[in-house]
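S.K.: Build the 3D model from these lines:
(chains A and B)
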Amino acid sequence: MSVKVLLNEDEIPRQWYNLAADLPTPLQPPLGPDGNPVTPEALAPVFPMNLIEQEVSRERWIDIPEGILEILYRWRPSPLRRARYLEKALGTPAKIYYKDEGTSPPGSHKPNTAVAQAWYNKEFGIENITTETGAGQWGSALSFACAILGLNCKVYMVRISFDQKPFRKLMMNVWGGECIASPSNLTQAGRDILAKDPDTPGSLGIAISEAIEEAVADKTGKTRYALGSVLNHVMLHQTIIGLEAKKQLAKIGEKKVDVVIGCAGGGSNFAGLSFPFVADKIHGAEIDIVPVEPTSCPTLTRAPFSYDYGDVAKMTPLLPMHSLGHEFVSPPIHAGGLRYHGMAPLISQAIVEGLLTPRAYDQLHCYESALLWARTEGFIPAPETSHAIAAVIEEAKNAKEEGKEKVILFNWSGHGLMDLAGYENFMQGKLIDYPLPDDDMQASLKSLDGLPMPSTAKSGKW
Amino acid sequence: MICIYKHDEKKIRCPRLGHPVTFQYCRTVQDNLPCRRVLDCWHEIFDVRAYIQGFYSEDEIDMFLAPPEPKINQILELINKARARQDRTAENREHNEEKV
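M.R.: The predicted model follows:
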């Protein structure tokens, strides 16, 4: 009984897929405070132009340079696994597959973009890369990538984490990364904070300020900043996940995927697996593509598509997105990564087109699903991943009722071994659901009154 | 009347940092205001909503519970702030040199 599908190195995808090229209605740009689109030049102080070009690119396929592939071969192609034990427990005719992104040297999907970003920086003549990190997962991924490419990596790590998480700091050091406790005396941002409070434990906001200042202040022009989530070029680099999955499914004779599922948090996890399948759908394939979110923060399932500010103070550019209004404050739930009031513009546009069919689940239902998964497949999922698993189980049960042998695919976005307190609270009956009441949502939506509405033109195909 | 420091020694795992932190950290992390996730993380440990309403004004609560702005906009804002700090530092240096 096979539970793993592997690809040889010479079968690795050689291009990334850019969804922006195929959206039937073009992606609407982020707007600056003056109401005009943000320009590539505005980002040039912190990103090399070759990555900015990817950020704004509308090319469908972008070649993965051989130099990047040679590094990715260390762990890629990653395994595609089949959840046969869950299938058996559910008695479903559905076939459930998941992509395992935990096999890289730092142990997450983050090196997929860390390696690419470091490589492009080096090509652009950059010698030093800065970033910020909390517990150190992104910092260690970037340190690993810089070590392989011979770049200097400076990671501003929140001081409280620096003091409490010596092992991640040591991981960075082993890979040659310089890990600095933030705030530091190396930047004016850090010095200003320390002057006010020498004993401050720091924060992610201070750490990113220091990392960006380091890039902006380097008069030699040899320093840039790197980010591990959210941006278009990060999602682009992650599409290797979905492209590999397609090859793996084809290798075992799966000609058609019926459902692709991912939790919709920062975006790169969902986008990395799903965007290559969105391309198939645009070109005629019948696939349900499902971003999953919590019912307590129903950005995709209940919020309108609008231009909105990113902040209550209305200081930031207006972005076209699904939004509950910038005054929305999410109720408390455990899947912290899913609690954003807006969604990535690329994903919002795909929803407007009808290419994605978002769903929302209660957290109790998600924990029940996570327990079933852990007691059949063995792995304990992160709270965010449990939202995707809830959707997978629902689909598998539907397939049983319908007597259909559906093929279901999702991205295993991480284990929950650092989130066991949530499991404990659930098992002790301490958690409650927080569905967003209609009255609360209508009150929040009032903050959108008077803002411009983006085009909701769509092809009408889906 | 409860003291603002009453819960400072309590500990919880921070989902952003990935390790335990005290409530004191969560209470002060945003320039001496609470973290925007403070209700999310602490509601099972004590009545954090009542605590917040007891010690912070509505304006302060709106400020620290505000959702994060999109990353690209945060970056643009930080670039501008970094440039402003550089300009300020350069002005101070010139000012000091003139004095000398």
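
S.K.: Sticking with residue 93, tell me its helix or strand.
M.R.: Since you didn't name a chain, this refers to chain A. Under the criterion DSSP states H and E, no helix or strand holds residue A:93.

S.K.: should've been chain B
M.R.: Secondary structure assigned from DSSP H and E places residue B:93 in helix B:71-99.

S.K.: Any idea how far that helix is from the middle of the chain?
M.R.: Remark: helix B:71-99 is offset 22 Å from the chain centroid, using CA atoms, centre = their mean, to the nearest Å.

S.K.: Mind checking if that helix is in reach of chain A?
M.R.: Yes. Shown here: helix B:71-99 in contact with chain A (CB under 8 Å from any CB of the partner chain) through B:71-79, B:81-83, B:85-86, B:88-89. Any C-beta I mention is one placed from the backbone N, CA and C, and that applies to glycine too.

S.K.: burial count for residue A:23?
M.R.: When neighbours are counted by other CB atoms under 10 Å in any protein chain shown, residue A:23 registers 20.

S.K.: Need the pLDDT of residue B:48.
M.R.: Listed pLDDT for residue B:48 reads 83.

S.K.: oh sorry, the question was meant for residue A:349
M.R.: The predicted local confidence for residue A:349 is 77.

S.K.: hang on, the earlier thing: and the helix holding residue B:93, what's buried?
M.R.: Going by neighbour count (16 or more other CB atoms under 10 Å in any protein chain shown), the buried part of helix B:71-99 is B:71-79, B:81-82, B:85.

S.K.: which sections of chain B are below the confidence cut-off?
M.R.: B:1, B:15, B:18, B:40, B:44, B:67-68, B:100 (pLDDT under 70).

S.K.: and what of the stretch 1-150 of chain A?
M.R.: Scanning the stretch 1-150 of chain A for pLDDT under 70 picks out the ranges A:31-35.

S.K.: list the contacts for the residue of it found nearest chain B?
M.R.: Nearest residue of the stretch 1-150 of chain A to chain B (CB to the nearest CB) works out as residue A:135 at 2.9 Å. Residue A:135 sits next to A:161, A:165, A:168, B:17-19 when contact means CB atoms under 8 Å, 6 or more residues apart in numbering or on different chains.

S.K.: you'd agree residue A:202 is up against residue A:163?
M.R.: No. Between residue A:202 and residue A:163 there is no contact under CB atoms under 8 Å: 9.6 Å.

S.K.: what's the neighbour count on residue A:53?
M.R.: Using other CB under 10 Å, residue A:53 has 15 other residues around it.

S.K.: Distance of the closest residue to it other than its chain neighbours relative to residue A:227?
M.R.: Among residues not flanking residue A:53 along the chain, residue A:40 sits closest, at 7.4 Å (CB to CB, 6 or more residues apart in numbering or on different chains). Per CB to CB, to the nearest Å, residue A:40 is found 16 Å from residue A:227.

S.K.: who has more neighbours, these two?
M.R.: Neighbours per residue (other CB under 10 Å) separate residue A:40 from residue A:227, with residue A:227 holding more: 24 against 12.

S.K.: Go ahead and confirm that one touches residue B:71.
M.R.: Yes. Contact criterion CB under 8 Å: residue A:227 and residue B:71 qualify, at 6.6 Å.

S.K.: For my notes, confirm residue A:291 occurs in a strand.
M.R.: Yes. Judged by DSSP: H, G, I helix; E, B strand; the rest coil, residue A:291 forms part of a strand.

S.K.: Can you read off the pLDDT for the nearest residue to it once chain neighbours are set aside?
M.R.: Among residues not flanking residue A:291 along the chain, residue A:264 sits closest, at 3.6 Å (CB to CB, 6+ apart). pLDDT, the model's per-residue confidence, is 79 for residue A:264.

S.K.: and stretch A:41-58, how far from the chain's centre?
M.R.: 19 Å.

S.K.: How about stretch A:231-249?
M.R.: The mean C-alpha position of stretch A:231-249 is separated from the chain mean by 12 Å, CA atoms, centre = their mean.

S.K.: got it, and stretch B:84-100?
M.R.: The answer for stretch B:84-100 is 29 Å, by CA atoms, centre = their mean.

S.K.: try stretch A:218-235
M.R.: 16 Å.

S.K.: Let's test this: mean pLDDT of that stretch, rounded?
M.R.: Stretch A:218-235 comes out at a mean pLDDT of 91.

S.K.: Report whether that stretch contacts chain B.
M.R.: Yes. Using CB under 8 Å from any CB, stretch A:218-235 reaches chain B at A:225, A:227, A:229-231.

S.K.: Show me the residue sitting in the middle of the chain in space.
M.R.: Because you didn't say which chain, this covers chain A. Nearest to the geometric centre of chain A sits residue A:268, at 2.7 Å (CA atoms, centre = their mean).

S.K.: that's the wrong chain, I meant chain B
M.R.: residue B:30 (0.5 Å).

S.K.: Pull out the buried residues from stretch A:256-274.
M.R.: Across stretch A:256-274, burial judged by 16+ other CB under 10 Å covers A:257-274.

S.K.: Could you do stretch A:54-63 as well?
M.R.: Buried, per 16+ other CB under 10 Å, within stretch A:54-63: A:54-56, A:62.

S.K.: Tell me the backbone dihedrals of the residue nearest to residue A:53, please.
M.R.: phi -60, psi -40 (degrees, to the nearest 10).

S.K.: circling back to that earlier point, just the buried residues of stretch A:54-63 that are near chain B?
M.R.: Contacts with chain B are made by none of those, judged by CB under 8 Å from any CB.

S.K.: circling back to that earlier point, just the buried residues of stretch A:256-274: which are in strands?
M.R.: Using DSSP state E, the members of these that fall within strands are A:259-263.

S.K.: Kindly indicate which of the residues you listed lies nearest chain B.
M.R.: Looking across these and measuring by CB to the nearest CB, the closest to chain B is residue A:263, at 14.3 Å.

S.K.: In contact with residue 19, which residues?
M.R.: Since you didn't name a chain, this refers to chain A. Taking CB under 8 Å, 6+ apart, we find residue A:19 in contact with A:235, A:271, A:275, A:278-279, A:346, A:350.

S.K.: Please refer instead to chain B.
M.R.: Going by CB under 8 Å, 6+ apart, residue B:19 touches A:135, A:161, A:164-165, B:13.

S.K.: which residues does it bridge with?
M.R.: residue B:14 (DSSP bridges).

S.K.: what do you get for residue A:96?
M.R.: Beta-bridge partners of residue A:96, as defined by DSSP bridges: residue A:408.

S.K.: Verify the stated contact: it with residue A:389.
M.R.: No. Using CB under 8 Å, residue A:96 is not in contact with residue A:389; the gap is 9.6 Å.

S.K.: got any residues that touch both of those two?
M.R.: residue A:410.

S.K.: separation between residue A:200 and residue B:20?
M.R.: Per CB to CB, residue A:200 is found 18 Å from residue B:20.

S.K.: Tell me which of these two has more neighbours.
M.R.: Neighbours per residue, other CB under 10 Å: of residue A:200 and residue B:20, the larger number sits with residue A:200, 19 against 13.
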